[in-house]
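In: Just the structure for this:
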Amino acid sequence: MIFVDFPCPDPEAMSNFYAELFGWTFNRRPADEFHEILPGVKPNLGIHRSDVAMSGPVPRIYVMVDEPPEYLARAVQMGATVLWEERPWEEFNARFAAFRDPWGAEVCLWRDKGTYQPGAKS
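Out: Here you go, the predicted structure:
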C-alpha cells in the first residue's frame, strides 16, 4: 500500500482539523478538491472532495503519538467522538486509544512500544 485517501465534503476543514491536532501540513492540489497530507513519513494520506458521507465500514489509520490520552482529549475538544480510551494491546506490547473525526474517519492513537509498561494503567 502506498496511499490512503479519505472522502470528505469539506477537505479544507478536515485539513485544518489534522493540522491543529497533529501539526501536519498539506498540499492543496487543487485547493478544496484534493489535499495531500504530509505527516512527515511516507506513505502519505489524502483527502478528496466527496459529497457522499462516509457510512458503513471505513478505513482506520494508526498514528504514533507520545501520549494518546492527551491527543484523544484534544480531538474530542475539536469535535471528534471517542471510540475507546487508551487500553493495552498485549500482543504488540503497546497501548492505543481511538476516535472518529467529525467526518467519520477512524484514527487510532498508538503509543510507542518503548514507552509501554505491561500492567500500567496509563
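In: Now do the strands in the chain.
Out: Secondary structure of the chain by DSSP state E: the strands cover 3-8, 25-28, 34-38, 44-49, 60-65, 81-89, 94-100, 106-111.
In: For the second one, enumerate the helices and strands it packs against.
Out: In other words, strand 25-28. Packing contacts for strand 25-28, counted by 3 or more C-beta pairs under 8 Å, 6 or more residues apart in numbering; DSSP states H and E, involve helix 11-22, strand 34-38. Every C-beta, even on glycine, is put in place using the N, C-alpha and C of the backbone.
In: closest one to residue 67 among those?
Out: helix 11-22 (12.6 Å; C-beta to C-beta).
In: packing partners for that closest one?
Out: Under the contact criterion of 3+ C-beta pairs under 8 Å, 6+ apart, helix 11-22 touches strand 25-28, strand 34-38, strand 44-49, helix 68-77.
In: which residues of the protein score low on pLDDT?
Out: Low-confidence segments of the chain (pLDDT under 70): 1, 41-43, 53-55, 113-122.
In: center of it - which residue?
Out: Geometric centre of the chain, nearest residue: residue 107, 3.6 Å, by C-alpha atoms, centre = their mean.
In: Show me the beta-bridge partners of it.
Out: Note on residue 107: beta-bridge partners residue 61, residue 99, judged by DSSP bridges.
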